[in-house]
Structures are given as structure tokens and as C-alpha cells.
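**Student:** sequence? don't have it. structure:
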């Protein structure tokens with residue numbers, strides 16, 4: 001069972017994440033997933049809040065979630081997102097993204113090359129691809145399918 005720790009909108013995301021981590025620790029839960037809900041890479045206040053969340057809570061993994069169907073726009077979003085994390089961090093060596101989750105991967109056909117570009121520009125893997133609306137629709141990337149789509 002997945003438990004939800006929710007405190008509403010308009011509050012300090014870093015503080016809520018810390019509370020959730022402490023709640024999980026007290027409840028002997030192994031994993032906390034913090035969803036920052038649509039941080040646009042060009043929105044400075046939201047990106048500063050995300051950098052604070054990362055600095056305060058020191059997560060084991062930071063994943064960028066983007067839509068595969070936007071093609072090369074996703075590459076631009078990812079680069080700007082990573083740069084914003086670096087720019088707004090107070091650390092000399094800021095934590096950047098560790099991996100990528102691409103949603104709507106079942107709809108991309110000829111835009112599959114953007115997925116390869118995303119891994120190339122960041123050096124980070126595509127951890128999951130989403131092919132639907134439920135948890136079971138999160139899948140590992142099928143490299144053979146990507147290569148076949150590129151070769152069409």
C-alpha cells in the first residue's frame with residue numbers, strides 16, 4: 001500500500017518534504033516520493049523552492065519528469081531545468097537530476113530521438129517511461145523498440 005502525506009498547496013515544499021521524511025522514518029517506511037507538481041524551468045520562484053527542497057532534504061534521487069510527445073522541446077526543458085537547479089543552489093557542487101521519467105511514451109513514434117538526446121545532454125538514464133495512467137503503466141525503457149523506431 002502507498003501512503004499519501006499531503007499538506008495542501010501554498011506551503012513551504014522543503015518543510016513539508018522534511019515532515020514526510022520524518023513521518024516515513026518514524027513509521028519505518030523505506031521510500032519517500034516527493035512530487036513537486038509541475039515545476040516550470042522558467043519559473044524562478046518555483047525553481048528556487050525546488051533547489052531549497054533538495055538542499056534541505058538531500059534526496060537520494062532527483063528525477064526529471066517530462067512528456068515524450070513534445071519531442072525536442074523536452075530536451076530544452078530538461079537542460080533549462082538542470083541549469084536552474086545549478087543556478088539557484090547555494091552549494092558549490094549542486095545536486096542535479098539523476099534520471100529521467102518520460103510520460104506519454106506510447107504516443108511519440110517519430111519523436112523518439114528526443115529521448116536519446118535527453119540522455120546524451122545530461123549523461124543520465126531514462127529510468128522509466130509512462131505508457132498510460134496507472135502505476136503498472138510505468139515501464140523500463142525498451143532499447144530495442146527505440147532503435148527500431150529510429151530505423152524506420
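**Tutor:** Sure thing, it's come through. Keep in mind the model is a prediction, meaning the values are calculated, not measured.
**Student:** a strand runs through residue 100, doesn't it?
**Tutor:** Yes: with DSSP: H, G, I helix; E, B strand; the rest coil as the criterion, residue 100 is located in a strand.
**Student:** how about the residue nearest the centre of the chain, what does it touch?
**Tutor:** With distances taken as CA atoms, centre = their mean, residue 64 lies nearest the centre of the chain, 2.2 Å away. Taking CB atoms under 8 Å, 6 or more residues apart in numbering as the contact definition, residue 64 lies against 78, 81, 82, 97, 99, 100, 101. Backbone N, C-alpha and C define where each C-beta goes, glycine included.
**Student:** Count the neighbours of the first one for me.
**Tutor:** The burial count assigned to residue 78 is 22, neighbours taken as other CB atoms under 10 Å.
**Student:** residues touching it, list them.
**Tutor:** So residue 78 contacts 64, 66, 97, 100, 118, 121, 122 (CB under 8 Å, 6+ apart).
**Student:** Can you give me the pLDDT of the fifth one?
**Tutor:** Pointing back at residue 118 there. For residue 118, the pLDDT comes out at 87.
**Student:** pretty sure it is touching residue 73, no?
**Tutor:** No: checked against CB atoms under 8 Å, the pair residue 118 and residue 73 is beyond contact range at 11.1 Å.
**Student:** just to revisit the earlier point, can you list the contacts of residue 64 in CSV and add distance to residue 146 and pLDDT?
**Tutor:** Converted to CSV, these look like this (distance: CB to CB, whole Å; pLDDT from 0 to 100):
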residue, distance to residue 146, pLDDT
78, 17, 88
81, 22, 85
82, 22, 89
97, 20, 92
99, 16, 94
100, 13, 92
101, 15, 91
